[in-house]
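*Asks:* Next come a sequence and a model predicted from it.
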Amino acid sequence: MYKISWGVGSGFNFGHIEGWNGFLEKIKYNDMNYKFMVSTPEKTYLHVSRSYGTIKEMEEGAIEWLIKKGELHDWMVNRKK
């Protein structure tokens, strides 16, 4: 299972997944919906998502998108610590 770790303080809207070299940015709009943006070292704003009603839905959507696009792999989750 992948987990997004969100920053604190002024970096609260930036997220990282262990073993992945990109980052996520969460955005909350006035209508109380959320979107995420994906950036990698190769491309800033690689993807901007659709709107989600909750942070949990947005996180699940981000992880699903990253898996579908080949950014996340099983070895990242199953590796021994």
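*Replies:* Alright, I've got the coordinates.

*Asks:* For the residue nearest in space to the middle of the chain, identify the helix or strand it belongs to.
*Replies:* Geometric centre of the chain, nearest residue: Leu24, 4.1 Å, by CA atoms, centre = their mean. When elements are assigned from DSSP states H and E, Leu24 belongs to strand 23-28.

*Asks:* now swap in Trp65 and tell me
*Replies:* Going by DSSP H and E, Trp65 is in helix 55-68.

*Asks:* sorry, back to before: list the buried residues in the strand holding Leu24.
*Replies:* By neighbour count on 16 or more other CB atoms under 10 Å, the buried set for strand 23-28 is Phe23, Leu24, Glu25, Lys26. Quick note: C-beta positions are derived from backbone N, CA and C, even for glycine.

*Asks:* Check stretch 45-55 too.
*Replies:* His47, Ser49, Tyr52.

*Asks:* related to what we said a few turns ago, what is the orientation angle of the strand holding Leu24 with helix 55-68?
*Replies:* With axes from the mean of the first three to the mean of the last three CA atoms, to 10 degrees defining the directions, strand 23-28 sits at 150 degrees from helix 55-68.

*Asks:* helices or strands next to strand 23-28 in the packing?
*Replies:* strand 14-16, strand 34-39, helix 55-68 (3 or more CB pairs under 8 Å, 6 or more residues apart in numbering; DSSP states H and E).

*Asks:* how about those, which one is nearest Gly7?
*Replies:* strand 14-16 (4.6 Å; CB to CB).
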